[in-house]
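A predicted structure for the sequence below; I have some questions about it.
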Amino acid sequence: MILAEHSGYLREAREEIAGHCEELADKMLRRQLERQPELEVRYGRVGMEMCRQDIRYHLSYLAEAVSLASAPLFEEYMAWVRSLFKSLGLPEEDMLVNLECMEEVLSRELPGEVCEPACRYLREMRE
């Protein structure tokens, strides 16, 4: 019974994240721009849309990792993102701030038991 309850809220977390992906991505990007307004100038309109798409990808991997209770899935994805940022000459700080903004928004928008595993994975990627 405990395993079923555990997998139930993990599935619920995935559904909450995936089901609100667009809305969450918009809020996360707005939050990042509040913290780093220079990003709009640095990357322009096209770059901001790419950032929004990146957040959607992050959310998709995060939702799957949470539903499978697999931190390594998200860790491997984020390792790839780090190497991509490096190869493109993008500051890692932008990615780290993005992860913080993702955690802030999820903490505000999702119920505690649903956001807890997702926020934990996001925190671990910043350490």
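Here it is on my side, so go on.

Give the residue spans of this structure that score low on pLDDT.
Across the chain, the ranges flagged by pLDDT under 70 are 1-7, 9.

what about the helices in it?
Shown for the chain, the helices assigned by DSSP state H span residues 2-19, 21-35, 38-67, 71-88, 92-109, 112-126.

could you dump those helices to CSV with mean neighbour count?
All C-beta atoms are positioned from the backbone trio N, CA, C, and that covers glycine. CSV is the format used below for the helices of the chain (neighbours: other CB atoms under 10 Å):
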stretch, mean neighbour count
helix 2-19, 14
helix 21-35, 17
helix 38-67, 16
helix 71-88, 14
helix 92-109, 18
helix 112-126, 17
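
mind listing what the closest residue to Glu100 other than its chain neighbours touches?
Computed as CB to CB, 6 or more residues apart in numbering, the closest residue to Glu100 that is not its neighbour in sequence is Arg126, at 6.7 Å. Arg126 makes contact with 96, 99-100, according to CB atoms under 8 Å, 6 or more residues apart in numbering.

ditto for Arg123
Contacts of Arg123 were listed using CB under 8 Å, 6+ apart, and they are Glu103.

Relative to Ser70, how far out is it?
Distance of Arg123 to Ser70, given as CB to CB, to the nearest Å: 16 Å.

Quick check: Met102 touching Met28?
Yes. At 5.2 Å, Met102 counts as touching Met28 under the criterion of CB atoms under 8 Å.

Give me the common contacts of the two.
Ile55.

which residues are in contact with stretch 85-93?
Stretch 85-93 is contacted by residues 82, 94-95 when judged by CB under 8 Å, 6+ apart.

if we go to 6 Å?
The contact list for stretch 85-93 (CB atoms under 6 Å, 6 or more residues apart in numbering) reads Met95.

now do the same end-to-end measure for that stretch.
Stretch 85-93 has an end-to-end distance of 10 Å (CA to CA, to the nearest Å).
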